[in-house]
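Trainee: Here is the input, now give the coordinates:
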Amino acid sequence: MKLTKNQWIGLVLGALGFILPFFWEINGLSAAGHMGLSIFFLAAVFWMLEPVPIYATSMLVILLQVLFLSSEGIYLNDVTEAYSPDGYTAFMGTLANPIIILFLGGFVLADAAVKYNLDLNITRILLKPFGNQPKYILLGLMSVTALLSAFMSNTATTAMMMTVIIPIIARMKPTDPLRIGLALSVPFAANIGGIATPIGTPPNAVVIGSLANQGISIPFGNWMALAVPLVLIALLILWLVLLFMYKPEAKTIEIDMTGKFNLSKKALFLYAVFAFTVILWVTESVHGVNSAIIAMIPVVFLTLTGVTSKEDIRKLPWEVLWLVAGGISLGISMKSTGLAEWIVTSIDWGSFGTITMILVFSAVAIAMSNFLSNTVTATLLAPLAISLAVSGVAGEGFNLVIISLVIGVSASFAMVLPISTPPNAIAISTGFIETKHMAKPGILIGIFGLLLVTIYALFYWPLLIGN
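Mentor: Numbers count the residues shown, from 1 in each chain. Reported below is the predicted structural model:
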């Protein structure tokens, strides 16, 4: 495999980052902390610059932790001094973390929905009430996209919805500005819609997994109660921004609403399992069954009945699960080696007020996610928030759950560049829009997102989870 210049730079910087802590003695950081810092530097550089696939970096992170930080590993530089190593299963076991299983269940449901055209039929039904006026068609497309992306991969939702809007755009005059607005509405709504549920987007899983490691559980329905109101407001703002920037010329647009549901036995069984699983997820706080356990229902019954085949299982986005597992594993070693505590005690966080803390974490998450994967952003910031809470240096006003929500939600408001999220890249690939079209509304949505997250973190979320 021939590497590009940027990949070579990433490899060199990652290797230097890994080696540096071996020659840089840091006061107050144990030998195990130095080893943890080496792995952290390597992971951060590789995730940011991607000299190798980001899921491969997660695999490497887990391997290095097993070799150099586990109780069964190889010890260098007296790593075990003042450090009680975790067993290797603490790191490798992240592959079976409940958050991974939750996402696996979501992936299986989403894949089956696409296979039997459930997503397209839902789209057809949900779009019909919005009529043929361009502004309401725009709102309808955004609403359907957001709803689907709450339970499906944002990338898969965008890919499917782009096939829906291409014929709509084709019916419009080439000079109509709303053509651009329609093309932008799908990726932007997919990014926002993913915030609504724990399975909507990987950053949600990252922060939920990090909190679970601290003994803090956020049930499926509770997450929705925290996130859905924000999602609805964000979608309304997005709709108004796109209408303002890309005012439609046409008075009406005709859309073909023909189609029918697949009524085969397997399709009907899928519909029943899909509805049953979603109902159980939403009512988790009522019946008490953990959402990860519920996620096993579609995994087991759709495979047992052949609705999901062996080939379908092979095509699932396993790389996303590896990425999330690597992030959870990195958080474990940062905490256990004392690295996270050293990082947070190096800054006078106590001088930060509550509002400042929220604004800083939200702004950094949005800024980083515009250039990095939003999953990587959440993976790097979540351990920092946990360390602040554990160390107590952030002061009494610091709420770990709220700051974690700020990180996870803010990471999904990155919409400025094609590289910001896969949905953005898919939209650009259609040829209907250019980077400049995405940047202007993307910046506005990012600013509104920052304000929304701050308002919810100060006034709404504390009502549901306490101060």
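
Trainee: Every contact and neighbour count from this point should use C-alpha atoms.
Mentor: Fine.

Trainee: Surely Ser369 touches Thr377?
Mentor: Yes - taking contacts as Cα atoms under 8 Å, Ser369 lies within contact range of Thr377: 5.9 Å.

Trainee: what touches both of these two?
Mentor: Shared contacts of Ser369 and Thr377 (Cα atoms under 8 Å, 6 or more residues apart in numbering): Ala411.

Trainee: List the contacts of stretch 162-176.
Mentor: 179, 182-183, 186, 248-250, 253-255, 427.

Trainee: One more pass at 6 Å, please.
Mentor: Applying Cα atoms under 6 Å, 6 or more residues apart in numbering, the contact partners of stretch 162-176 are 179, 249.

Trainee: Let me know the average pLDDT across it.
Mentor: The average pLDDT within stretch 162-176 is 78.

Trainee: start to end distance for it?
Mentor: Stretch 162-176 has an end-to-end distance of 18 Å (Cα to Cα, to the nearest Å).

Trainee: what about that stretch, distance to the chain center?
Mentor: Put simply, stretch 162-176 sits 29 Å off its chain's centre (Cα atoms, centre = their mean, to the nearest Å).

Trainee: in that stretch, what's buried?
Mentor: The neighbour-count check on stretch 162-176 (16 or more other Cα atoms under 10 Å) flags 162, 164-165, 168-169, 172 as buried.

Trainee: Looking at the residues you listed, which are in helices?
Mentor: Counting by DSSP state H, the buried residues of stretch 162-176 place 162, 164-165, 168-169 in helices.

Trainee: What separation do you get for Ala189 and Ser369?
Mentor: Distance of Ala189 to Ser369, given as Cα to Cα: 16 Å.

Trainee: Same list, the buried residues of stretch 162-176, but as CSV with distance to Ile233 please.
Mentor: Formatted as CSV, these follow (distance: Cα to Cα, whole Å):
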residue, distance to Ile233
Met162, 23
Val164, 24
Ile165, 23
Ile168, 26
Ile169, 26
Met172, 28
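
Trainee: Out of the residues you listed, give me the two with the largest separation.
Mentor: Using Cα to Cα, the buried residues of stretch 162-176 span at most 15.4 Å, a distance reached by Met162 and Met172.

Trainee: buried stuff in the lengthiest helix in the chain?
Mentor: Of all segments of type helix in the chain, defined using DSSP H, the longest is helix 220-245. Residues 220-228, 230-232, 234-235, 237-239, 241-243 are the ones in helix 220-245 that count as buried (16+ other Cα under 10 Å).

Trainee: Could I get the average pLDDT for that helix?
Mentor: 94.

Trainee: so how far is that helix off the chain centroid?
Mentor: 16 Å.

Trainee: Compute the number of surrounding residues for Leu11.
Mentor: 20 (other Cα atoms under 10 Å).

Trainee: actually Leu304, not the one I wrote
Mentor: Neighbour tally, Leu304, other Cα under 10 Å: 11.

Trainee: Grab the nearest non-local neighbour of Ala439.
Mentor: Once flanking residues are discounted, Ala439 sits nearest to Val416: 4.4 Å by Cα to Cα, 6 or more residues apart in numbering.

Trainee: what ranges do the helices span in the stretch 351-467 of the chain?
Mentor: Here the stretch 351-467 of the chain has its helices, by DSSP state H, counting those that start in this stretch, at 354-369, 374-391, 400-410, 422-429, 435-455, 461-465.

Trainee: Over to the stretch 1-150 of the chain?
Mentor: 5-23, 31-49, 54-68, 88-92, 98-115, 118-127, 134-151.

Trainee: Show me what the second one is packed against.
Mentor: The one in question is helix 31-49. Packing partners of helix 31-49 (3 or more Cα pairs under 6 Å, 6 or more residues apart in numbering; DSSP states H and E): helix 5-23.

Trainee: Could you give me the buried positions within the helix it packs on?
Mentor: Residues 7-15, 17-19, 21-22 are the ones in helix 5-23 that count as buried (16+ other Cα under 10 Å).

Trainee: repeat for stretch 428-439
Mentor: For stretch 428-439, a neighbour-count test (16+ other Cα under 10 Å) marks 428, 432-433, 437-438 as buried.

Trainee: go on, stretch 268-288?
Mentor: Buried residues in stretch 268-288, counted by 16+ other Cα under 10 Å: 270-271, 273-274, 277-278, 280-285.

Trainee: coming back round to it: distance to Met142 and pLDDT for the buried residues of helix 5-23 - can I get that in a markdown table?
Mentor: Output for these, formatted as a markdown table (distance: Cα to Cα, whole Å; pLDDT from 0 to 100):
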| residue | distance to Met142 | pLDDT |
| --- | --- | --- |
| Gln7 | 37 | 85 |
| Trp8 | 40 | 89 |
| Ile9 | 40 | 88 |
| Gly10 | 37 | 86 |
| Leu11 | 40 | 91 |
| Val12 | 43 | 91 |
| Leu13 | 41 | 90 |
| Gly14 | 40 | 89 |
| Ala15 | 44 | 90 |
| Gly17 | 43 | 87 |
| Phe18 | 44 | 89 |
| Ile19 | 47 | 90 |
| Pro21 | 48 | 83 |
| Phe22 | 51 | 80 |
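
Trainee: Please consider this matter closed, and thank you.
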